[in-house]
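A.B. asks: here are the coordinates; sequence isn't available:
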């Protein structure tokens, strides 16, 4: 589809863009409310995603996920640690390695701020049949893959 075409596909793309812009604004509000930078919020999201996926998150992992160099990553982790939102813990399997763990306090703050949005989205999606859910998942995954390449 070229740039001059408008149709239902472009309407959906524009809606997706509007959702991402609004979500970014909510992230910025959350960051400001808790003395963070928006990158700190992105870091928490990255670490929470790693936790859900069963991935041991190191500073190197986080830096790669955020596109930051070592010094930038250290700054983010230091800020989040000072705020009591992230801790550095020794890997029990390899004591030389330091892992990053999101503290319960961060999860509670996040849930208070983003919980109503999450609840609304889950409620809407729970009304979808299997085919509709698969279509939404496919669209979002392929769009995410396109953004990452």
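C.D. replies: Here it is on my side, so go on. Fair warning: this is a prediction, and the values are worked out from it, not measured in the lab.

A.B. asks: who are the packing partners of the lengthiest helix in the chain?
C.D. replies: Identified as the longest helix of the chain according to DSSP state H is helix 8-33. Under the contact criterion of 3 or more C-beta pairs under 8 Å, 6 or more residues apart in numbering; DSSP states H and E, helix 8-33 touches helix 38-53, helix 104-126. Glycine gets a C-beta too; all of them are placed from N, C-alpha and C.

A.B. asks: please identify the buried residues of it?
C.D. replies: 27, 30, 31 (16 or more other C-beta atoms under 10 Å).

A.B. asks: in CSV: those residues, plus distance to residue 17 and pLDDT.
C.D. replies: Formatted as CSV, the buried residues of helix 8-33 follow (distance: C-beta to C-beta, whole Å; pLDDT from 0 to 100):
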residue, distance to residue 17, pLDDT
27, 16, 97
30, 20, 97
31, 21, 97
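
A.B. asks: distance to residue 65 for those residues - can I get that in JSON lines?
C.D. replies: Shown next, in JSON lines, are these (distance: C-beta to C-beta, whole Å):
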{"residue": "27", "distance to residue 65": "15"}
{"residue": "30", "distance to residue 65": "19"}
{"residue": "31", "distance to residue 65": "17"}
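
A.B. asks: nearest to residue 45 among those?
C.D. replies: residue 27 (8.3 Å; C-beta to C-beta).

A.B. asks: quick one, what contacts that closest one?
C.D. replies: 38, 41, 42 (C-beta atoms under 8 Å, 6 or more residues apart in numbering).

A.B. asks: can you tell me how far the residue positioned nearest the centre of the chain is from residue 51?
C.D. replies: Geometric centre of the chain, nearest residue: residue 45, 3.4 Å, by C-alpha atoms, centre = their mean. Using C-beta to C-beta, to the nearest Å, one obtains 11 Å as the distance from residue 45 to residue 51.

A.B. asks: noted, bye for now.
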